[in-house]
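Q: below is the sequence, then the predicted model.
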Amino acid sequence: MKTDTMNRQGAKHTKRSVHPQQRRGKFHLESTSDLFMYESQSNCNENTAGWQKNKTVRVPRHLLMDIHKEEEWGWVESFPPIQQKLNHVSEILPKRVMNHNITQIWKTAWLLTLVTACLCGKHDAHAAEQSDYYKTLTLPVPDGVVLEAGALQWLGNDEVAVSTRLGEIYVVDNALADDPSQVKFTRFASGLHEVLGLAKKDDWLYCMQRCELTRMKDLDNDGRADVFETVNDDWGITGDYHEYAFSSKFDKEGNIWIVLCLTGSFTSEIDYRGWCLRVTPDGRMIPTASGIRSPGGIGMNALGDVFYTDNQGVWNGTCGLKHLKPGGFMGNPSGNTWYQLTDALGPRPLDPVSGSRMHIEAAKIPELVPTAVYFPYGKMGQSASGIVCDQTGGKFGPFEDQLLVGDQTHSTVMRVDLEQVNGVYQGACFPFLTELDSGTLSMEFAPDGSLFVGGTDRGWGARGGKPFALQRVVWTGKNPFEVQTMRARKDGFEITFTEPVDKTTATDPKSYTIQTYTYIYQSSYGSPEVDQTTPKIVSVDVSEDGKRVRLKIDKLQIGHVHELKLQGVRSKSDGALWNPVAYYTLNDVPKDIL
């Protein structure tokens, strides 16, 4: 059985020549490692937020390799989103590299990772402001520990468990210390297979390996697990590097939910790849939902409903947050052959029509569950990951019961406000935390309301810049001026703010701009934004307390992202919004105006 590490170490690399005539920078092979180096010397102006000059970037060599045949994956130019990025990056990277190497990258996310790694830095104005509201503490990782934090679990007694993609589990003691140097790492278990889920029940620690759900226990209190038991392994594994398996915490019935990535993220070569499964308290496996592509995390909302993140690719125009409704079809038919193994979900659903739109296909396929929230690609992130619900009772700021969702490529944490309309989940996503050192993968709240964030950049790269990290984010007690919620109404949206607004700016329609778009629902990789509309803002009303705005527009678009910019809205104390943008995914329109 091959692990991800073995797969990468075993890959063959071919040195590519780079034309000596280079326009704006130096691009060369670092002889001592498997990395290309790019020294940017671009002339960025000060108004181009996040772009840096004289920046040296280490880029994994395999991102530039033609590792698959053209006829199998197609050329980069065939994907409009990639070509748009190529047009931008061509002004920075050497022409020879653009024309030869990069245009043969086989995976969209890899190219966009390279683009952001080379060109994008942190937005200094936003970063300086974030520390006013949220303080980030970095826990020092001991030498020799490769802490690519796949999962986190609070243990109590000031301890948090951290699993790694290399198959180890560490217990971090004194985890809530004000001085991070006081923490202590103890290896609790090793020899496991890429642990991407942790949960605690009684004295048992449950972990999700690629091949099985395992539980373990320390019998002699020496800080090491002594007994390991297989809870369930009723699914297949081929050894393909991309067959990730993520698991949830325990639900209200004591079940653990599991989402299984497709083989290579494109096909389902063995049983239940591309499915969601539940494992009951007595160890039985229940097939629960189909249609999954490449999950990045799984979690529950405040009501106990389960969601997972799926990533851009075939049948996914962009990354999204999806509701795991029992019996549901999440949208990718590649794994639907396994309906032949179970009758738990009923008959196999109809295959969607490639090139259609998801809301159109959902009207024809009753089992198809529309994506609850789209994360616009590049604008919000590129690799949606872990999910955690803020149930801290206000200890983490004014976002109680909302979901926080990571993005591995952008090294960020996004914020999601969900609602159910006519029985279907939909809602808005907002930018949130950005000052993170590595690619966000896992998150866990501690009892004091602080948020642990685990990161990794292995395989994809990440804006944060470090190969791995464990950090703790603490609310300072100061509320940012933000859009708190965005809810659909029959004729527009109702927006609530964390602070009272200035009524003059908030009632001015010119303070807002709105556009809508959706994505092609297709068997090809990803999608550009399509079917754009520009609704007209008809009226704006502000509540007496100044914390609610009723925005009426002339036409809502079902199946579309409604991108709302609030660039002109000021607070009563004349402050600007910390993040003046929201992206609302509209799956249905409320029947009544509330």
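A: Looks like it came in fine. Nothing here was measured: the structure is a model prediction, and the numbers come from that model.

Q: domain assignment for this structure?
A: 19-121, 483-586 (automatic domain parsing).

Q: mean pLDDT lowest for which of those?
A: When those are ranked by mean pLDDT, domain 19-121 comes last with a mean of 36.

Q: got a list of what Arg487 touches?
A: Listed by Cβ atoms under 8 Å, 6 or more residues apart in numbering, the contact partners of Arg487 are Asp417, Glu419, Phe493, Glu494, Ile495. For glycine as for every other residue, the C-beta is placed from the backbone atoms N, C-alpha and C.

Q: check the gap between Glu444 and Lys503 for me.
A: Using Cβ to Cβ, to the nearest Å, Glu444 is found at 40 Å from Lys503.

Q: between these two, who's got more neighbours?
A: Neighbour totals were compared for Glu444 and Lys503, and Glu444 leads with 22 against 16 (other Cβ atoms under 10 Å).

Q: what's the closest non-adjacent residue to the more buried one?
A: Spatial nearest neighbour of Glu444, excluding adjacent residues (Cβ to Cβ, 6 or more residues apart in numbering): Leu152 at 3.6 Å.

Q: pLDDT value on that neighbour, please?
A: Reported pLDDT for Leu152: 98.

Q: just Tyr241 next, same as before
A: Looking at Tyr241, its pLDDT is 89.

Q: neighbour-wise, which one of the contacts of Arg487 leads?
A: Most surrounded of the contacts of Arg487: other Cβ under 10 Å gives Ile495, at 26 neighbours.

Q: so that one makes contact with Lys552?
A: No - between Ile495 and Lys552 there is no contact under Cβ atoms under 8 Å: 11.7 Å.

Q: hmm, back to that, what about the residue nearest to Glu444, how many residues close to it?
A: 24.

Q: spell out the secondary structure type for Tyr584.
A: Of the three states, Tyr584 takes strand under DSSP: H, G, I helix; E, B strand; the rest coil.

Q: contacting residues for the most centrally placed residue in the chain?
A: Centroid-nearest residue in the chain, with Cα atoms, centre = their mean: Ala384, separated by 1.4 Å. With contact set as Cβ under 8 Å, 6+ apart, Ala384 has these partners: 296-297, 309-311, 319-321, 375, 405-408, 414.

Q: narrow those residues to those in strands?
A: Per DSSP state E, strands hold the following members of the contacts of Ala384: Gly296, Gly297, Thr309, Asp310, Cys319, Gly320, Leu321, Phe375, Val405, Gly406, Asp407, Met414.

Q: next, count neighbours for the last one.
A: What it means is Met414. A count of nearby residues for Met414, using other Cβ under 10 Å, gives 26.

Q: so what pLDDT did the residue lying closest to it once chain neighbours are set aside get?
A: Spatially, and ignoring its direct neighbours in sequence, Met414 is nearest to Val405 (4.8 Å; Cβ to Cβ, 6+ apart). On pLDDT, Val405 comes in at 98.

Q: circling back to that earlier point, between the contacts of Arg487, which sits nearest Cys429?
A: Closest approach to Cys429 among the contacts of Arg487 (Cβ to Cβ): Asp417, at 7.9 Å.

Q: picking up where we left off before, now do the residue nearest to the centre of the chain, the pLDDT please.
A: So, for Ala384, pLDDT stands at 98.

Q: do you know how far it is from Leu196?
A: 14 Å.

Q: ok, Asp502 next?
A: Between Asp502 and Leu196 the computed distance is 46 Å (Cβ to Cβ).

Q: kindly report the same for Val388.
A: To Leu196, Val388 is 14 Å away according to Cβ to Cβ.

Q: so these two - more neighbours on which side?
A: Neighbours were counted for Val388 and for Leu196 using other Cβ under 10 Å; Leu196 has more, 27 against 22.

Q: so for that one, what's the pLDDT?
A: On pLDDT, Leu196 comes in at 98.

Q: so how far is stretch 533-547 off the chain centroid?
A: Taking Cα atoms, centre = their mean, to the nearest Å, one finds the center of stretch 533-547 at 30 Å from the center of the full chain.

Q: gap between the two ends of it?
A: Stretch 533-547 stretches 28 Å from its first residue to its last (Cα to Cα, to the nearest Å).

Q: can you list contacts of that stretch?
A: Under the contact criterion Cβ under 8 Å, 6+ apart, stretch 533-547 has outside partners 491-492, 496-497, 499-503, 506-509, 511-512, 514-517, 548-557, 560, 562, 572.

Q: return the set of buried residues in it.
A: Pro535, Ile537, Val540, Val542, Ser543, Gly546, Lys547 (16 or more other Cβ atoms under 10 Å).

Q: what segments of the stretch 451-594 of the chain are helices?
A: Remark: helices assigned in the stretch 451-594 of the chain by DSSP state H, counting those that start in this stretch are 503-506.

Q: these two touch, right, Thr412 and Glu435?
A: No - checked against Cβ under 8 Å, the pair Thr412 and Glu435 is beyond contact range at 9.1 Å.
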